[in-house]
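*Asks:* this is the structure alone, sequence omitted:
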């Protein structure tokens, strides 16, 4: 496992997700001198935090595609922020960071999730270790999603901590404490990795791997014409079987899931995903070996 | 009890409270011909609904003070909307409405609330009747708050239906069904009142009466420096005793409630109230006679 010299903890990538923003603002991760690496912090989208909006011009966490960063014609506030963050912390910086831990919340009833963009052995071992220390933690792998535009992708290892359900624009003390504890656990694990490795890992770990997304039924104006079915609403990470109800329209008509196989929905009814055309994300639940990646 | 000729059901007064907005949009209350009155509907702030924001220029539900309506210098989009709504449905309209039922959601864990601005016998009897049919319903009286700026104040009888917790900007099927059922119950009660009165009312009804508000501790920049304490977070309508924890700061220090008497907080951690300087609203729980107002 490679050595970690600099870890960047990021909050406020989405300006209305106050848990991460206030963890950074409050200095919760400053003066951490007990580790074998430097800990840096960043409030990623301060103007969006001030406005209590997810973003001003465009979603900052969809603004880190390399072609986009290289093209000055993209000139939203978030494009400028992305470029500045890339220059300060990215691979061509004088002091690039080795790991980015980006702090997010979701309105979905997902509990505690670690999102990995790549199924590297380092990432899997860290996630496996974390899910041993914190059994509530689920591991979601987006390696099959094709997305390469998240802030955390500018570091060799990107880890997203996603806690929910949390209402946008509020301070939630339980989510604050939970996120803080998860970050400190990840830092301790990264430190142990630096000191010689993570011991006592399981042979394999349960991953929820990105499969596809399902949008709301909509009318020609793009407005949703149905809602998440109450039986699905809170059931993130639970099996969805063919024939299970997924939507109910305003007159009470039910739509069933018609896929060929059992899937595991997450981000069910995430408020920020209405505009992205996502009612929920389908994952497949799989066991993955921790060592053979 | 006076006769009701026209009832106006309003949704989307706050553009990101989608339950009411989509109840109106979906036509759930159109073609209701079984009643002894006419039922009208209104999507009050269509541009805010389209933008998925509470409001564009100012809170529409704080824009109905008569002096404000009469002064053309107030010219936000919501001021214009308020004037138009007042002219269409208010007391000087050719066909003024007798009752306004305004549909709201809150991010607070409040369940189902009926808000009355005045403790008239008509309002109390309707609320009492509703809380018999729907025992989950709490009655919140703002008669002591001094507020006279809500949309529903332009009718002789204003009823606000407030359901929570609901995340702003999402469609929540359970809240949708619950709100729809409450509206239909209120309409049935108004109809019974028209037919000769509400029978079998209790002698008295439990009111939660506005007492005061408490703001977050803030720094000089106006930013909150503490969060609702987890022990208070979900406890709307529960007694808060002197000495109970109310806030916890980012380092874990706790602030206790230091008031002289037991109170009943509501709207705890409502997202839209951060900007209004309200962490929660204190009420007093009181028994009020239904007949002697």
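*Replies:* Now that the structure is in, tell me what you want to look at. The structure displayed is predicted, hence computed values, not measured ones.
*Asks:* now do whatever residue of the stretch 151-293 of chain A ends up closest to chain B against residue B:230, distance only.
*Replies:* Across the stretch 151-293 of chain A, the shortest distance to chain B (Cβ to the nearest Cβ) belongs to residue A:250, at 3.5 Å. For every residue, glycine as well, the C-beta is placed using N, CA and C. The spacing between residue A:250 and residue B:230, counted by Cβ to Cβ, to the nearest Å, is 36 Å.
*Asks:* the two: who's more crowded?
*Replies:* Relative neighbour count places residue A:250 above the other of residue A:250 and residue B:230, with 19 against 16, counting by other Cβ atoms under 10 Å in any protein chain shown.
*Asks:* picking that back up, the residue of the stretch 151-293 of chain A closest to chain B - nearest residue in space that isn't next to it in sequence?
*Replies:* residue B:26 (3.5 Å; Cβ to Cβ, 6 or more residues apart in numbering or on different chains).
*Asks:* ok, residue A:42 next?
*Replies:* residue A:10 (4.9 Å).
*Asks:* list the beta-bridge partners for the one you found.
*Replies:* residue A:42, residue A:102 (DSSP bridges).
*Asks:* can I assume it is in contact with residue A:151?
*Replies:* Yes: between residue A:10 and residue A:151 a contact is recorded at 6.3 Å, counting by Cβ atoms under 8 Å.
*Asks:* pull up the overlap in contacts between those two.
*Replies:* Residues touching both residue A:10 and residue A:151 (Cβ atoms under 8 Å, 6 or more residues apart in numbering or on different chains): A:44, A:100, A:102.
*Asks:* buried subset of those as a ChimeraX selection?
*Replies:* This is how ChimeraX selects the buried members of the shared contacts of residue A:10 and residue A:151, with burial counted by 16 or more other Cβ atoms under 10 Å in any protein chain shown:
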select /A:44,100,102
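*Asks:* in a markdown table: the shared contacts of residue A:10 and residue A:151, plus pLDDT.
*Replies:* Formatted as a markdown table, the shared contacts of residue A:10 and residue A:151 follow (pLDDT from 0 to 100):
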| residue | pLDDT |
| --- | --- |
| A:44 | 98 |
| A:100 | 98 |
| A:102 | 98 |
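*Asks:* quick one: which of the shared contacts of residue A:10 and residue A:151 is nearest to chain B?
*Replies:* residue A:44 (17.3 Å).
*Asks:* how close does the closest one sit to residue A:253?
*Replies:* Taking Cβ to Cβ, one finds residue A:44 at 42 Å from residue A:253.
*Asks:* ok, now which ones touch the residue nearest to residue A:42?
*Replies:* A:20, A:24, A:41-42, A:44, A:100-103, A:151-152.
*Asks:* now residue A:59
*Replies:* Per Cβ under 8 Å, 6+ apart, neighbours of residue A:59: A:14, A:78.
*Asks:* residue ranges with poor pLDDT in the stretch 51-200 of chain A?
*Replies:* Judged by pLDDT under 70, the stretch 51-200 of chain A has its weakly predicted residues at A:199-200.
*Asks:* tell me where it has helices.
*Replies:* Remark: helices assigned in the stretch 51-200 of chain A by DSSP state H, counting those that start in this stretch are A:66-69, A:77-89, A:121-133, A:173-194.
*Asks:* in CSV: these, plus distance to residue B:270 and mean neighbour count.
*Replies:* Converted to CSV, these look like this (distance: least, Cβ to Cβ, whole Å; neighbours: other Cβ atoms under 10 Å in any protein chain shown):
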stretch, distance to residue B:270, mean neighbour count
helix A:66-69, 37, 14
helix A:77-89, 28, 19
helix A:121-133, 33, 21
helix A:173-194, 15, 19
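*Asks:* just put those in a markdown table and tack on distance to chain B.
*Replies:* Supplementary listing: those in a markdown table, determined by distance: least, Cβ to the nearest Cβ, whole Å:
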| stretch | distance to chain B |
| --- | --- |
| helix A:66-69 | 25 |
| helix A:77-89 | 18 |
| helix A:121-133 | 21 |
| helix A:173-194 | 4 |
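*Asks:* Throw the ones you listed into CSV and include distance to residue A:108, thanks.
*Replies:* Converted to CSV, the helices of the stretch 51-200 of chain A look like this (distance: least, Cβ to Cβ, whole Å):
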stretch, distance to residue A:108
helix A:66-69, 27
helix A:77-89, 23
helix A:121-133, 19
helix A:173-194, 13
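*Asks:* wait, which of those is closest to residue A:37?
*Replies:* helix A:173-194 (6.5 Å; Cβ to Cβ).
*Asks:* centre of the chain to that closest one, how far?
*Replies:* Relative to its chain's centre, helix A:173-194 lies at 15 Å (Cα atoms, centre = their mean, to the nearest Å).
*Asks:* so it versus helix A:121-133, what angle?
*Replies:* 130 degrees (axes from the mean of the first three to the mean of the last three Cα atoms, to 10 degrees).
*Asks:* which positions in chain A make contact with chain B?
*Replies:* Contact residues (Cβ under 8 Å from any Cβ of the partner chain) of chain A with chain B: A:22-23, A:25-26, A:28, A:52, A:107, A:165, A:167-174, A:176-177, A:216, A:223-224, A:227-230, A:233, A:248, A:250-251, A:269, A:271-272, A:274-275.
*Asks:* if we use 6 Å, what do you get?
*Replies:* With Cβ under 6 Å from any Cβ of the partner chain as the criterion, chain A meets chain B at residues A:26, A:107, A:167, A:169-171, A:173-174, A:227, A:230, A:248, A:250, A:269, A:271.
*Asks:* greatest separation within the residues you listed: which pair is it?
*Replies:* Largest separation among the residues of chain A next to chain B by Cβ to Cβ: A:26 and A:250, giving 42.5 Å.
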